[in-house]
Every structure is written in structure tokens, then in C-alpha cells.
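Peer 1: Below is the structure, and that's it, no one-letter string:
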């Protein structure tokens, strides 16, 4: 073997040894990186899991707050009605009627459900009306009527400062459910579509239930008398579209009334 060949072989062997060392180093580096990445992935997963737990806790708390808020709203509404000797079933019926009207008017499910939850607060202002007026058997005189009519604005004042959507809606309901389509209602004599749809819906739901129920100042009307009044007041007291919806879905209203009827 020539000297040239021996030198070439030596160089190849050196290259082989160098390549082996380099390869081993690369393998070690890759394995080390894999370990680092594995630890990093594990840490990231742990951080993600912790964040998810926190999100779940916040979501659960938010749900609890919303459920508590709905319960408080309904209870306050029932308290307002009980002071005027009306049953808790009145606000339950008004709530259900309001949702039926809202859905058929075109409000989406979420907004309709929220109106169902807000409508029990329509007469919350009655808590500030003296018992001597609130529970008077018979018709009010002019002074008493003026006192009673303040309950719409009183309810609005109680609720208007809240930033919660449900209570903001309840404030609108309390304020406008005694306005009339023809502008002769109270407290602001607004008319037509200037009255918020929440007020227009609750007005019809409330009157339907009030007329069909005994009160300290009157006995319940029969259905035919109520229906005749609604036909007469279409476009006067009530939004004509809502009156049409009422009669088109009358069976639903009667079913709700039967389900939540007062136990005498």
C-alpha cells in the first residue's frame, strides 16, 4: 500500500471519528431538547388546566349571580303585588304571557326570556304607595288616583341606576307599562311605537290578567267581556299588532292561566 493510500485512509478514519462525535453530540442535543420541550409542554398543560379551572369557576359564579338576580327580581315583584292583595301567581302569569307575546312579536329567545324575567317587576313601585290608597275597596278619588299613578315612576327610580341588563329592562317595564298606544296613558303620555316594546307587551299581559282576577275593588271579568274590551282598545290602549297576536295565540294564554290559576 502506497504512502498516499495510507494517508487517504487515515483522513477517512479521522472524518469517520469526527462524524461519529458530531452525531453523538447532535443526538444528545436533540434528546436534551426533547426533555426541555416535554417539561415545557407539561408546564403549559398545567397552566392551561389551571386557567380552565379558573374560567369554569368564574362561569359557575356568573351563573349563580344571574340565577340569584332572577330570583331577587321575581321575589321583589311578588312582594310588590302582595301589598295590593294580589297573589304570587299574578306575576307568574304576567311573566308567561309576556314571553308568548315577545316571541310572536319577533323578539329572539334570549330577549323574550329576559322580558319574562323582568316583567314581574312592573308594579314594584307599589311598595311606596300607602296601604290606604293601595288597598282601598272601590274607586279612587282624584287625589288617590294621582298617588297611585306615581307607582310607575317610583318603580323606575328604584331600578334605573342598575347597569345589569335584566334590571335595566325591568326599569323600562315599570316606567312604561301604563302608557297607552293613543298617548293617553301615564306617566309621560307617549304613544305608538315611542312606547318601548317591553312596556307595550307588559301592558297587555298585565291588563289581561288583572281583568280576569278578583281585586279589592272589583270581581273578575268573564272572558267575553275581556275579549270585547281588547277588540275595542285595539289601537287605542294597546298596540294593534299585540292584540292580533293575543287572539291568534289565545289557547296558549288560557293554558297559562289554567296552569297558574289562583287557589281559593
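Peer 2: Yes, it's here. All values derive from a computational prediction rather than experimental measurement. Numbers count the residues shown, from 1 in each chain.
Peer 1: From here on, just use CA atoms for contacts and neighbour counts.
Peer 2: OK.
Peer 1: Enumerate every residue touching residue 209.
Peer 2: 90, 93-94 (Cα atoms under 8 Å, 6 or more residues apart in numbering).
Peer 1: Just the local confidence number for it, please.
Peer 2: Looking at residue 209, its pLDDT stands at 94.
Peer 1: Who wins on neighbours among the contacts of residue 209?
Peer 2: The residue in the contacts of residue 209 with the most neighbours, by other Cα atoms under 10 Å, is residue 94 (29 neighbours).
Peer 1: Leaving out sequence neighbours, find the closest residue to it.
Peer 2: residue 205 (5.3 Å; Cα to Cα, 6 or more residues apart in numbering).
Peer 1: Helix or strand: which one has that neighbour?
Peer 2: Using DSSP states H and E, residue 205 falls within helix 197-211.
Peer 1: That helix: what's the following helix or strand?
Peer 2: helix 223-232.
Peer 1: low-scoring pLDDT stretches of this protein, where are they?
Peer 2: For the chain, the stretches flagged by pLDDT under 70 are 1-16, 19, 30, 36-38, 40-42, 44-45, 47-88, 216-217, 264.
Peer 1: let's see it at 90
Peer 2: 1-92, 120-121, 123-141, 155, 158-167, 213-220, 261-264 (pLDDT under 90).
Peer 1: coming back round to it: okay, the angle between the helix holding residue 205 and helix 223-232?
Peer 2: Taking axes from the mean of the first three to the mean of the last three Cα atoms, to 10 degrees, one finds helix 197-211 and helix 223-232 inclined to each other by 150 degrees.
Peer 1: any idea how far helix 197-211 is from the chain center?
Peer 2: 18 Å (Cα atoms, centre = their mean, to the nearest Å).
Peer 1: what's the answer for stretch 178-194, then?
Peer 2: Counting by Cα atoms, centre = their mean, stretch 178-194 comes out at 25 Å from the chain centroid.
Peer 1: in it, what's buried?
Peer 2: 178-183, 185-187, 189-192 (16 or more other Cα atoms under 10 Å).
Peer 1: ends of stretch 134-146, how far apart?
Peer 2: Counting by Cα to Cα, to the nearest Å, you get 12 Å between the two ends of stretch 134-146.
Peer 1: Tell me where the stretch 1-150 of the chain has helices.
Peer 2: Secondary structure of the stretch 1-150 of the chain by DSSP state H, counting those that start in this stretch: the helices cover 3-83, 88-105, 109-118, 131-134, 142-149.
Peer 1: Can you name every helix or strand that the shortest one contacts?
Peer 2: When you say that, I think you mean helix 131-134. With contacts defined as 3 or more Cα pairs under 8 Å, 6 or more residues apart in numbering; DSSP states H and E, helix 131-134 has these neighbours: helix 142-149.
Peer 1: For the helix or strand following the helix it packs on, which outside residues touch it?
Peer 2: Moving toward the C-terminus from helix 142-149, the first helix or strand encountered (DSSP H and E) is helix 151-159. Residues from elsewhere that reach helix 151-159 (Cα under 8 Å, 6+ apart): 122-126, 128-129, 167-168, 170-172, 174-178, 187.
Peer 1: ok, then the element right after helix 151-159?
Peer 2: Next along the chain after helix 151-159, with elements defined by DSSP H and E, is helix 165-176.
Peer 1: Of all the residues in that following helix, which ones are buried?
Peer 2: 166-176.
Peer 1: Phi, psi for residue 241 please.
Peer 2: phi -60, psi -40 (degrees, to the nearest 10).
Peer 1: what about it, how many residues close to it?
Peer 2: 13.
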